[in-house]
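Chemist: Sequence and predicted structure below; questions after.
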Amino acid sequence: MPFFASPEEAWAGAVRACSLSFVLSIGICVTGTGLRAEPLAAPGDIRLRQDLQTLNDSGLTNIPLTTWPISLGDVHSALEEIDDRHATGASQRALERTRSRLSRELDNDTIDIVFGAAGAANPRVIRSFENTPREDGEGFLKLGWMGRRFVMNLAGSYVADPIDGDEFRPDDTYVGMSLGNWMLTAGWQDRWYGPGRNGSLILSSNARPTPGLMLQRNSTAAFATKWLSWIGPWSLTTFMSQLDDDRVVEDALLFGIRGTFKPIPSLEIGITRTAQWCGEDRPCDFSTFVDLLVGNDNRGVNVDPDSEPGNQLGGVDVRWRLPYDVPAAVYFQWIGEDGAPGHRLLGSWLRQVGFEHWGSVGDSDYSAWLEVSDTACNDGAYGFGDIKEEECAYVHSIYTSGYRYKYRALAHSADADSLTYATGASLVQSDGQTWNATLRYMEINRAGLPDPGHSLSPTPIEIADIFLTYDRETRYGRFYMGLGFQAEKDAVLDTDSEDWSGFVQWSSR
């Protein structure tokens with residue numbers, strides 16, 4: 001909704017706000033102690049993610065790490081409890097780098113200014129967790145400030161030849177206010193839900209951030225009561241944002257809620273639901289939102305087709321560090337797209353499995369991973385059935401623009417009906433220099449039927465690519481660069497193509 005709206009638009013906005021207040025009230029009712037604004041770390045920083053995971057896997061910290069953005073205040077509290085005598089080798093280096101970053105990010109009542117520019121040739125369209133430039137050219141400026149109760153991050157960028165037509169972008173802008181142990185923010189914030197490295201099956205930073213409100217728990221400390229303390233450290237995040245791009249159903253809303261918990265230090269479990277709902281000529285009242293929350297949205301089962309509240313996805317993900325000090329972890333993500341025929345239970349599943357390994361070479365630390373993702377719906381047997389349902393994932397009969405925003409998938413970057421094999425490795429030197437390599441093979445849009453709404457290709461194609469990046473902080477600023485190669489095969493057109501890509505980015509910090 002625009003800032004200056006007609007009475008009709010204002011009324012519709014008020015209805016949406018009432019729906020959102022129901023979600024916010026859930027969190028505020030369980031507000032903990034403390035009243036402090038905390039800045040949030042957006043997804044995309046490979047080095048920060050590896051350092052935080054190293055501290056967790058070494059046993060020095062125990063905080064949920066599969067929901068981004070992450071509260072830096074929560075990280076700071078965890079670091080304060082560390083006995084430095086237990087930090088050696090990789091964990092000591094990760095601890096020093098993380099403390100150095102927090103010393104800058106958590107400085108009260110000072111304005112932090114970051115500016116920079118990037119140039120790219122054939123920017124990477126199929127994105128991973130790593131935040132690479134989206135367009136051919138970009139200049140950006142960020143102003144950050146944190147007080148005791150409020151936090152502000154103003155970001156603006158001007159890009160050349162944007163695919164979505166938006167030359168000016170406020171992405172990563174947000175203002176926040178602490179509510180006890182919760183942070184309420186408004187703005188354009190990237191999100192990444194799940195343990196995946198190459199993609200998330202339900203919400204990733206592949207598409208540009210949607211404008212909206214978010215409520216997130218600051219400290220992930222465990223419950224004090226003995227009845228709930230077994231849950232361990234836990235996080236809860238919920239948001240409501242607007243899909244303000246050009247769509248069949250204009251001004252639809254995107255709702256999400258995710259909780260994670262760690263009953264033992266080696267195990268993190270996440271549960272997520274998202275939904276597209278409301279919008280032009282669609283029901284937006286409070287009762288519709290309640291139906292959406294409780295699952296009364298399966299047409300012909302528990303709701304009439306005309307009253308179907310939205311397009312929902314939901315599921316679970318798990319990351320488990322192997323026992324006996326084995327430097328490895330396994331993870332998976334199972335996301336349900338549609339209900340099973342005849343009842344409300346989820347019956348069509350998207351699947352992802354992955355493996356991680358880490359170690360050190362001299363005074364440098366590495367992590368390597370292997371990940372397989374299938375974004376075709378697998379019916380029955382909790383995703384292990386033999387039936388594949390084509391043109392099921394990320395599409396909907398009412399919200400026909402699909403689970404997409406600004407021409408990009410909101411979840412996995414390969415979009416629907418795709419199979420992705422990906423492997424990668426990151427090497428972080430003791431001084432913070434970071435090398436990252438990713439190799440992928442992707443069968444895109446395997447359904448075979450023309451799908452003009454697919455964000456990558458209306459027909460089946462095969463893509464193999466490799467991408468290398470290098471990140472370094474110097475006295476002259478932060479330099480970030482990458483080089484990639486991609487080969488594509490189109491069976492329908494019987495064509496093969498190859499192309500190089502690359503970028504160079506500089507920022508003042």
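Modeler: Cool, got the structure.
Chemist: what ranges do the helices span in the chain?
Modeler: 7-28, 46-57, 72-80, 89-105, 286-294 (DSSP state H).
Chemist: tell me the strands in the stretch 51-200 of the chain, going along the chain?
Modeler: 67-68, 70-71, 111-121, 137-146, 150-160, 168-169, 174-179, 182-188, 192-193 (DSSP state E, counting those that start in this stretch).
Chemist: Direction included, what does the fourth one pair up with?
Modeler: Read that as strand 137-146. In the sheet, strand 137-146 lines up against strand 111-121 (antiparallel), strand 150-160 (antiparallel) (DSSP bridges).
Chemist: do the same with the last one
Modeler: If you go by DSSP bridges, strand 192-193 pairs up with strand 67-68 (antiparallel).
Chemist: what does the partner strand contact?
Modeler: When contacts are defined by CB atoms under 8 Å, 6 or more residues apart in numbering, strand 67-68 is touched by residues 41-43, 190-193, 205, 235, 237, 258, 260, 270. Where you see a C-beta, it was placed from the backbone N, CA and C, and this is true even at glycine.
Chemist: swap in stretch 391-400?
Modeler: Stretch 391-400 is contacted from outside by 247-249, 252, 276, 279, 282, 308, 310-311, 337-338, 348, 350, 375-377, 402-404, 409-411, 415-417, 447, 449, 451, 453, using CB under 8 Å, 6+ apart.
Chemist: Looking at Ala118 now. What's its pLDDT?
Modeler: You'll see Ala118 listed with a pLDDT of 97.
Chemist: Next: the one 3 residues further on.
Modeler: In the prediction, the pLDDT value recorded for Ala121 is 95.
Chemist: Any figure for the gap between the closest residue to it other than its chain neighbours and Leu427?
Modeler: In this structure, Ala121 finds its nearest non-sequential neighbour in Gly502, 5.3 Å apart by CB to CB, 6 or more residues apart in numbering. Remark: distance between Gly502 and Leu427 (CB to CB, to the nearest Å) = 20 Å.
Chemist: closest to Trp227 out of the strands of the stretch 51-200 of the chain?
Modeler: Trp227 lies closest, by CB to CB, to one member of those: strand 182-188, at 21.7 Å.
Chemist: Contacts made by that closest one with the rest, please.
Modeler: Defining contact as CB under 8 Å, 6+ apart, one finds that strand 182-188 is touched by 24, 27-28, 31, 37-38, 40, 71, 151, 153, 170-178, 208-218.
Chemist: can you list the weak-confidence ranges in the protein?
Modeler: Along the chain, segments meeting pLDDT under 70 span 1-37, 298-307, 338-347, 381-383, 385-387.
Chemist: burial measure for the closest residue in space to Asp365 that isn't next to it in sequence, as a count.
Modeler: Counting by CB to CB, 6+ apart, Ala90 is the residue found nearest to Asp365 once chain neighbours are left out, at 4.3 Å. By the criterion of other CB atoms under 10 Å, Ala90 has 25 neighbours.
Chemist: any chance you could read off phi and psi for the nearest residue to Gln53 once chain neighbours are set aside?
Modeler: Nearest in space to Gln53, with sequence neighbours left out and distances taken as CB to CB, 6+ apart, is Leu65 at 6.0 Å. When read as degrees, to the nearest 10, the backbone of Leu65 gives phi -130, psi 10.
Chemist: what residues are up against Leu65?
Modeler: Going by CB under 8 Å, 6+ apart, Leu65 touches Arg49, Leu52, Gln53, Asn56, Glu268.
Chemist: Closest to Glu96 out of these?
Modeler: Checking these against Glu96 with CB to CB, the nearest one is Leu52 at 13.3 Å.
Chemist: how much space between that closest one and Thr423?
Modeler: Relative to Thr423, Leu52 is positioned 22 Å away (CB to CB).
Chemist: that older thread, quick check: the residue nearest to Asp365 vs Asp57, distance?
Modeler: Distance from Ala90 to Asp57, by CB to CB: 9 Å.
Chemist: intersection of neighbour lists for the two?
Modeler: Taking CB under 8 Å, 6+ apart as the criterion, Ala90 and Asp57 both touch Trp358.
Chemist: just to revisit the earlier point, tell me the most buried of the strands paired with strand 137-146?
Modeler: Of all these, strand 150-160 has the most neighbours on average by mean count of other CB atoms under 10 Å, namely a mean of 18.
Chemist: Now do the strands in the stretch 301-450 of the chain.
Modeler: Counting by DSSP E, counting those that start in this stretch, the strands of the stretch 301-450 of the chain are 310-321, 328-339, 346-361, 364-379, 387-389, 404-405, 408-409, 419-428, 434-444.
Chemist: Which one, of those, ends up nearest to Asn198?
Modeler: strand 419-428 (3.9 Å).
Chemist: buried set for that closest one?
Modeler: Using 16 or more other CB atoms under 10 Å as the test for burial, strand 419-428 gives Leu419, Thr420, Ala422, Thr423, Gly424, Ser426, Leu427, Val428.
Chemist: Over to stretch 238-247?
Modeler: Thr238, Phe239, Met240, Ser241, Gln242, Leu243, Asp244, Asp245, Arg247.
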